[in-house]
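Novice: Here is my input; please provide its structure:
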Amino acid sequence: MTAYFVTGTDTGVGKTFVSCALLHALARRHPRVVGMKPVAAGLVQTPDGWDSEDAIALRAASTVRVPPALDNPVRLPDPLSPHLAAERAGTRIDIPHLVACQRELAQHADAMVVESAGGFLVPLSPTHTGADLAQALGLPVLLVVGLRLGCLNHALLSAEAISARGLTLAGWVANRIAPGMAATDDNIAFLRQHLGAPLLADIAHSAAPDFRTVSIELP
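Specialist: Residues are numbered from 1 along each chain as shown. Sure thing, here's the model as predicted:
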């Protein structure tokens, strides 16, 4: 099947938005597409109980419905780093369990997008990070670069960390999250030269973003 692991240069850079846009693009090629949020920290009250806003968005962009225990196996109430949120919840994030959920979820779809929590090295426990999860899954990685001051350093460090884990950086997305940022185009040009992966989309800043309007090239 076709599957990607979406990570970002930081939290709040638009990973969920890009993941939804990617699912929308994949749905034009595949009849069954599904999103997965292995670990979500920070829940909201819904008519059906507490849930993750990211997982809700991914489900809305998917074309198949699966049990929440598969598409969002770890839901932590507090909006903190996952290792802290798990500690407060009195639970442990188990990477083999997350991998097993992803493998089972793959049986229900032709294409899948797995969205990380936070950046690539976000702690999942005192001893493991999101990079360990990405490595265990072994999927091609898409990097969402939030264009703001400091993004060049964050993007290059993320690309190095991805490569160090033996993973393929299949592409990256430029997300213009800071409308007042100076020399944005120059920053994008620099990353195109140095990231060693194709630019899949350049997303303009919008007060009312709609992932269905994003033109994203599939790797």
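Novice: From Arg29, how far off is Ala207?
Specialist: Going from Ala207 to Arg29 by Cβ to Cβ, to the nearest Å gives 31 Å. Heads up, the C-betas are built off the backbone N, CA and C, glycines and all.
Novice: cool, Val173 as well?
Specialist: Taking Cβ to Cβ as the measure, Val173 falls 18 Å from Arg29.
Novice: Likewise for Ala134?
Specialist: Ala134 is 24 Å from Arg29, where distance means Cβ to Cβ.
Novice: more crowded one of the two?
Specialist: Between Ala134 and Arg29, counted using other Cβ atoms under 10 Å, the more crowded position is Ala134 (21 against 11).
Novice: nearest spatial neighbour of that one, skipping sequence neighbours?
Specialist: Once flanking residues are discounted, Ala134 sits nearest to Phe5: 5.2 Å by Cβ to Cβ, 6 or more residues apart in numbering.
Novice: what's the one you found in contact with, if anything?
Specialist: Shown in contact with Phe5 (Cβ atoms under 8 Å, 6 or more residues apart in numbering): 114, 116, 134, 137, 139-142, 167.
Novice: just checking, which of those belong to strands?
Specialist: If you go by DSSP state E, those have 114, 116, 141-142 in strands.
Novice: Nearest to Thr11 among those residues?
Specialist: Thr11 lies nearest to Ser116 out of those, by Cβ to Cβ, at 9.9 Å.
Novice: The closest one: what's its closest spatial neighbour, skipping adjacent residues?
Specialist: Thr7 (4.3 Å).
Novice: name the element the one you found belongs to?
Specialist: Using DSSP states H and E, Thr7 maps to strand 2-8.
Novice: If you count neighbours, what's buried in stretch 43-55?
Specialist: Residues of stretch 43-55 classed as buried: 43, 51-52, 54-55 (neighbour count, 16 or more other Cβ atoms under 10 Å).
Novice: residue ranges of the strands in this structure, please?
Specialist: 2-8, 33-36, 39-41, 44-46, 49-51, 74-76, 111-119, 141-146, 169-175, 199-203.
Novice: Given the last one, what are its sheet partners and their directions?
Specialist: Partner strands and pairing direction for strand 199-203 (DSSP bridges) are strand 169-175 (parallel).
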